[in-house]
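Asks: Coordinates only, no sequence provided:
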């Protein structure tokens, strides 16, 4: 999504959000006002209901009191009088409630005052009837009842109550109409607001859905890119822990097939001589058919210093190291500090994936260049740490590590290891006569002679000065003597020249010590071989001597 599209979407959503908020606020305000009005309306309706109930209870209680009073007047039984007293008590309580009840209109309040007067008159008439019955008897009481004075008061009282009840019912009807109007308006507002909100939400949904569809594609691309970056980082981290090119080859074969599915390829690394590139790792169906080695001038990517495409959709120029197939190929140079470290070669089955592979390979080349440059540097430093700079043979540090390893291996397999100590005879005299530079030439030629006469599993080291040490795995004492004699006898083949002049032939003395015949630790083994060498020199030089041949006094002297 572009910045302009993002801004447009934000503006649209803000407008829709503002409208939705306005509708929500209107809903809240209208709903709150309607709720308050409805609550007030319900309160008034409840008060009206309470007043109606009070009037009904008061009227019924007065009628019941009147009935019980007439029964007492007619029969004279005290039971009716007691019942009358209870009803009078209820009527008094209802009268007090009527006094504290508020009626909404002045007309109602005036009627309530008139009603209270009539109730007082009727209660006084009831008291008078009771007194007549007690003082004058039943006949006088019957005459008082027949006068209809009490009935006339009750008729007026009933009329006032009916008017009050009618007013309350009219008020209830009005409040019911008000409540219905409130509800109808609220429902209309809810329906209209909901419809408008749905329109806004539909618009927002369509806009968001359109952008989400676009963003989902972008997120998917970012997810794939993130996975690729994660794998590249894992590859880079794994390469950082590699100590050699072979280790790096294993790591590359593991990761490249996952990083670049459907693409075969290989990684070429520049030789130290910088005249050839060797195939360090290969993967995929086409990877095993790559040329190895190749020359830098055979690849246009190495010559131009930038990626080179060949085949479908690529340039017409074709690298000389490629085969005759028509697959799309991509060569990416690996540069570290403006120096060519190697070249990443990819072969694609599907040419449509070339843009994605091109972008990914560009990211890969940066990590691979730095990682492989570091591995090459570590290899060089390691070689420098274990190699003698003059003869390019292993040094004493490498010897001690390797000899201990060979002794452990021999101990597990119950085998033997022979150690040969070699020393050029009269080397100090040679240096004094011909000079140290000539001595260096002789040491180099002697090292080359030894290198050409040892097996692949043998370990050849320069022990110091003109002394050399040869470790012969799986070699017993007899075999060690034979090897030593062969080396001594063939010394005549060593021919050295210095400044165009031949140097005189030299001889060498050799000492042998064997594990486990003579010692079981490498320190003692080297010491015994050195003692045997000294014994050979004492015996006339140009000889081979074993540890068992050395004189005890000489061994003690060497200790």
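Replies: That came through, no problem. All values reported here derive from a predicted model rather than from experimental measurement.

Asks: Count the residues that sit near residue 305.
Replies: Neighbour count of residue 305, defined by other CB atoms under 10 Å: 10. C-betas here are computed from N, CA, C, even on glycine.

Asks: Do I have it right that it meets residue 335?
Replies: Yes - Residue 305 sits in contact with residue 335 when judged by CB atoms under 8 Å, with a separation of 6.8 Å.

Asks: what about the strands in the stretch 451-559 of the chain?
Replies: With strands called from DSSP state E, counting those that start in this stretch, the stretch 451-559 of the chain shows them at 459-464, 467-473, 497-498, 501-502, 508-515, 544-546.

Asks: Counting by contacts, list what the fifth one packs against.
Replies: Contacting strand 508-515 under the criterion 3 or more CB pairs under 8 Å, 6 or more residues apart in numbering; DSSP states H and E are the following elements: strand 417-424, helix 477-489, helix 522-538, strand 544-546.

Asks: so how far is the last one off the chain centroid?
Replies: This means strand 544-546. The chain centre lies 68 Å from the centre of strand 544-546; the measure is CA atoms, centre = their mean, to the nearest Å.

Asks: Run through who's touching that strand.
Replies: Applying CB atoms under 8 Å, 6 or more residues apart in numbering, the contact partners of strand 544-546 are 477, 480-481, 484-485, 488, 509-514, 518, 532-533, 535-536, 539.

Asks: would CSV of the strands of the stretch 451-559 of the chain with distance to residue 147 and mean neighbour count be doable?
Replies: Formatted as CSV, the strands of the stretch 451-559 of the chain follow (distance: least, CB to CB, whole Å; neighbours: other CB atoms under 10 Å):
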stretch, distance to residue 147, mean neighbour count
strand 459-464, 151, 21
strand 467-473, 151, 23
strand 497-498, 171, 13
strand 501-502, 176, 9
strand 508-515, 152, 27
strand 544-546, 165, 25
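
Asks: can I get the ones you listed in TSV with mean pLDDT?
Replies: Formatted as TSV, the strands of the stretch 451-559 of the chain follow (pLDDT from 0 to 100):
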stretch	mean pLDDT
strand 459-464	88
strand 467-473	92
strand 497-498	87
strand 501-502	88
strand 508-515	93
strand 544-546	92
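
Asks: Go ahead and name everything in contact with stretch 125-139.
Replies: In contact with stretch 125-139 (CB under 8 Å, 6+ apart) are residues 65-66, 69-70, 72-74, 76, 81, 84, 88, 140-141, 144-145, 149-150, 153.

Asks: Now residue 263: phi and psi?
Replies: Main-chain torsions, residue 263, degrees, to the nearest 10: phi -130, psi 130.

Asks: So the protein: which segments form each domain?
Replies: Using automatic domain parsing, the domain parsing of the chain gives 15-193, 241-386, 396-558.

Asks: Of those, which shows the lowest average pLDDT?
Replies: Per-stretch mean pLDDT for these is lowest at domain 241-386 (a mean of 76).

Asks: That one: end-to-end distance?
Replies: Using CA to CA, to the nearest Å, one end of domain 241-386 lies 20 Å from the other.

Asks: about what we covered before: make CSV from the strands of the stretch 451-559 of the chain and add distance to residue 132 to it.
Replies: Below are the strands of the stretch 451-559 of the chain laid out as CSV (distance: least, CB to CB, whole Å):
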stretch, distance to residue 132
strand 459-464, 149
strand 467-473, 149
strand 497-498, 170
strand 501-502, 176
strand 508-515, 150
strand 544-546, 163
